[in-house]
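Engineer: what shape does this take:
(2 chains, ligands or ions: 2)
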Amino acid sequence: MSKDNEKDTKANETPSANDAGKSRRNFLKFGLVGAGAAAVVATGAVAVKRMQGIPHDEFPVELNDDFKPIDQRNQINVFCGSKALNEKHPERTRSFNEMLKKEDPANYKPFDFYATRRAFMSGPYRDAPGYGQLDRALAVGGFSSARQQLGGGSMEAPNSGVSSWEQTMLVDHKYEFESPAQANTDIKSAARLYGAIRCGITKRDKRWDYDPMYSVSEEKELSWEKDFPFEPKSVIVIMTEMDYPAMATAPAWIQDATVGDAYANAIKIAGQITIFLRQLGFKAVASMNDLGINAPYAIAAGLGEGGRNGQVIVPEYGPRVRISKVYTDLEFVEYDKPRTYGVASFCLNCKRCADSCPSKAITFGDQTWGPEYSTDPDYIWNASKGILKFHNDAKKCAKFWIDNDGSCGNCIAACPYNKPDFWHHRLVDAQNVIAPGPVHAFMREMDIFFGYGNVSDPDKVHRFWKLGDKV
Amino acid sequence: MMGMTWYFIGLVLGLSLYVLFKLRIRYGLEWLPLTLCGSGIGLILFAAAWGVAAMLEGVPRAASMGLLLFGLPGIVLTTYGARLIANAANLSSEGSDA
Ligand code: SF4
Ligand code: SF4
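Structural biologist: Ligands and ions are numbered 1, 2, ... in the order given. From the prediction side, this is the model:
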């Protein structure tokens, strides 16, 4: 072969070798881009799935043999409201006062659960944003409807007003649902129409029921077997939303107004579902904070997960919800499964509620089987045992409410899960469900850095009172 | 308000993609400047949507932090990507002059 020919051949070969290299590189590039896109899509799909919660066949919180249903007489609001129980248990007040004196001797003032509670939300107006006559009026107005619906009783009162045990408007003919699944959907459709933001249906579980129940107005115990009008089989759990801007003013009196308003909506819906069921021929009783504990029922019905602050953390709403229930003898219904949403793991690293709690009622520790703040039986009379959760001291919380002359809500307002319905929060939620623990600690810091969850902020009070412009 | 924001973001995004595509065809651009520019524009639009949402929910600090954390890197990436595109455009026009 001549030299010229050789050259020609090489010249002819070089571009094709280049082309091959280029197409290999392009192939690699496209491969990388494709793999990246596939990874993003797969992660997104996992996040979307996890945001719907991981379903469980069993209650997703561990219990041991020490666990016992709660006696309603030991429920803090019931005890605070009952003269007879306070007279029967002076050691409880004594023990609490000893603790107060020990923790802060300089500012110690004797505390009486019953006497102080009587004056709740009726003290003088204060010269501070969120504590004036306007704010108090808003709070009292907010609670008025719930109180009226409950016959003037407290939220814990059984057999009162809308929660009456009398089976009025019960029809003889029992409606036949197409299927248990259809019964589930029909009930939830009714709940949606009546105004529920979430509704779940679960089996009645005696572990979560107060036993015995207690009526403060009559100062008497009530029994499931002797007093309750039927044997409940299912519990319908209903949720209503509290207003984000009002809750953001916590612990100002304005947040009381949205608590009361959400209570009113919750008991209204429970009352309507009760009549709906009775008109279908099933016995039913509406319940606010009486009959059973709302949080485990809501968890069992798959509506949320228990948080460090003792509230149910609900996807998209966080702890900014109120819960009511309907106990019914309807059994032909499909039950919702409990679901976990990664809240317990987030709470381990977050602790914003504990930081913002003015009474230090919320634990900074991990989940335990019982309270760790005291071993004195005269002090821990209201605590549950044998359940692996964050154990908080509800007595300290009750005391702050009384000192504040209104409730508090800091642990709701400060929670990173408490966000209004905007796209960027849903994006962060999606990120949180797939991210591991250390990322949660980072997200907590980001939440603070971005200015969310501040409490005792006068600006939020001013902002709240400007929202009327938008109506 | 958020609906209008998405609408405008959609318009800007569509327009940006169109312009980048045209530039690629015209100057035979490599993937690096296009990716940088595209990601930068994406971040700027993300920051804008974040800012509007945060203002609407009444948390101005979240809006400013969002603009700072997402918008600023977006501007840096877009600027750098645009410079690379301009260089490529200059080279290609020099090549065609020759
Ligand atoms: S309501 Fe207030 S005092 Fe009670 S636990 Fe929550 S933050 Fe603490
Ligand atoms: S503030 Fe944090 S620790 Fe407390 S309940 Fe909410 S997520 Fe959990």
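Engineer: check the residue nearest to the spatial centre of chain A and give its pLDDT.
Structural biologist: Nearest residue to the geometric centre of chain A (Cα atoms, centre = their mean): A:V312, 2.5 Å. As predicted, A:V312 sits at a pLDDT of 98.
Engineer: what are the phi and psi values at the residue nearest to it when sequence neighbours are not counted?
Structural biologist: Using Cβ to Cβ, 6 or more residues apart in numbering or on different chains and skipping residues adjacent in sequence, the residue nearest A:V312 is A:G304, 4.0 Å away. C-beta here means a position set from N, CA and C on the backbone, and glycine is covered the same way. Main-chain torsions, A:G304, degrees, to the nearest 10: phi 180, psi -170.
Engineer: who's the residue nearest to the centre of chain A bridged to?
Structural biologist: Beta-bridge pairing for A:V312 (DSSP bridges): A:G306.
Engineer: how close does it sit to A:R322?
Structural biologist: Distance of A:V312 to A:R322, given as Cβ to Cβ, to the nearest Å: 10 Å.
Engineer: next one: A:T363
Structural biologist: 23 Å.
Engineer: do A:H391 as well
Structural biologist: 23 Å.
Engineer: next, count neighbours for the residue of chain B found nearest ligand 1.
Structural biologist: Residue nearest to ligand 1 within chain B: B:V59 (20.5 Å; Cβ to the nearest ligand atom). B:V59 has 24 neighbouring residues, counting by other Cβ atoms under 10 Å in any protein chain shown.
Engineer: mind listing what the closest residue to it other than its chain neighbours touches?
Structural biologist: Using Cβ to Cβ, 6+ apart and skipping the chain neighbours, the partner closest in space to B:V59 is A:G451 (5.4 Å). Counting by Cβ atoms under 8 Å, 6 or more residues apart in numbering or on different chains, A:G451 touches B:59-62, B:65.
Engineer: for A:G451, what are phi and psi?
Structural biologist: According to degrees, to the nearest 10, A:G451 has phi 90, psi 20.
Engineer: thought A:T340 was touching the residue nearest to A:V312, still the case?
Structural biologist: No - proximity of A:G304 to A:T340 does not meet the contact threshold set by Cβ atoms under 8 Å, at 9.4 Å.
Engineer: more neighbours, those two?
Structural biologist: A:G304 (30 against 20).
Engineer: and that one, how far from ligand 2?
Structural biologist: Here A:G304 is placed at a distance of 11 Å from ligand 2 (Cβ to the nearest ligand atom, to the nearest Å).
Engineer: how about A:S122?
Structural biologist: Distance, A:S122 to ligand 2, by Cβ to the nearest ligand atom: 31 Å.
Engineer: just give the number of residues close to that residue.
Structural biologist: Neighbours of A:S122 (other Cβ under 10 Å): 9.
Engineer: and for A:W369?
Structural biologist: There are 17 residues near A:W369, going by other Cβ under 10 Å.
Engineer: now do the helices in chain B.
Structural biologist: B:2-27, B:31-56, B:60-66, B:72-97 (DSSP state H).
Engineer: counting contacts, what elements does the last one pack onto?
Structural biologist: If contacts are counted by 3 or more Cβ pairs under 8 Å, 6 or more residues apart in numbering or on different chains; DSSP states H and E, helix B:72-97 sits against helix B:2-27, helix B:31-56.
Engineer: what pLDDT does A:L427 get?
Structural biologist: 91.
Engineer: can you tell me the closest non-neighbouring residue to the residue in the stretch 101-250 of chain A positioned nearest to chain B?
Structural biologist: Closest to chain B within the stretch 101-250 of chain A is A:P245: 6.7 Å, counting by Cβ to the nearest Cβ. Of all residues not flanking A:P245 in the chain, A:F464 sits nearest, at 5.1 Å (Cβ to Cβ, 6+ apart).
Engineer: could you do A:P232 as well?
Structural biologist: A:Y327 (3.9 Å).
Engineer: that neighbour bridge partners, please.
Structural biologist: A:V235, A:V285.
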